[in-house]
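Novice: Generate coordinates for the sequence data below:
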Amino acid sequence: MALMNCPECGGQVSDKAHACPHCGYPIQELVKKGPELPEVCLYEYKGTTYDVTDIVRAILAGDRGEAAGTLWELLGLKREEVIMVLSAIENQFGIRP
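Specialist: Residues are numbered from 1 along each chain as shown. Just a heads-up that it's a prediction; the model follows:
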């Protein structure tokens, strides 16, 4: 089970829930169809905005290692920071790892 933010009200809800307990939004329909992503995925880190579209696509393709490597090269982070930022990107774009 993973927690995600409801796209309707922003409340935290289980990805296994049929509907958001806060507003009733149909979560299972969202989970089945996957996240709707913008054409360009932007992520802000320490005051700078980065294009993380390739990272998001790698995560969606199931290649979290490739995503982590690209993120490491882009931001020059330590291993622990890469894991934290990768999780934050997944959360921002509604991606379940």
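
Novice: Can you give me the domain boundaries for the chain?
Specialist: According to automatic domain parsing, the chain comprises the domains 3-33, 42-92.

Novice: The nearest residue to Ile27 once chain neighbours are set aside: neighbour count?
Specialist: The shortest distance from Ile27 to any non-neighbouring residue, by CB to CB, 6 or more residues apart in numbering, is to Ala17 (4.9 Å). For glycine as for every other residue, the C-beta is placed from the backbone atoms N, C-alpha and C. By other CB atoms under 10 Å, 17 other residues sit near Ala17.

Novice: close enough to count as contact, Ala17 and Tyr25?
Specialist: No. Counting by CB atoms under 8 Å, Tyr25 is not a contact partner of Ala17; they are 9.7 Å apart.

Novice: quick one, helices of the chain?
Specialist: Secondary structure of the chain by DSSP state H: the helices cover 27-33, 53-60, 64-75, 79-92.

Novice: buried ones in the last one?
Specialist: By neighbour count, with 16 or more other CB atoms under 10 Å as the criterion, the buried positions of helix 79-92 are 82, 85-86, 89-90, 92.

Novice: So what's the model's average confidence on that helix?
Specialist: Mean pLDDT, helix 79-92: 92.

Novice: In CSV, please show the C-alpha coordinates belonging to that helix.
Specialist: Output in CSV follows, covering the C-alpha atoms of helix 79-92 (Å, rounded to 0.1, in the frame of the first residue of the first chain):
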residue,chain,number,x,y,z
ARG,A,79,23.2,8.7,-2.8
GLU,A,80,20.9,9.5,0.1
GLU,A,81,19.8,12.8,-1.5
VAL,A,82,19.1,11.0,-4.8
ILE,A,83,16.7,8.6,-3.1
MET,A,84,15.0,11.5,-1.3
VAL,A,85,14.6,13.6,-4.4
LEU,A,86,13.5,10.6,-6.5
SER,A,87,10.7,9.9,-4.0
ALA,A,88,9.7,13.6,-4.0
ILE,A,89,9.5,13.6,-7.8
GLU,A,90,7.3,10.4,-7.7
ASN,A,91,5.1,12.1,-5.1
GLN,A,92,4.8,15.3,-7.1
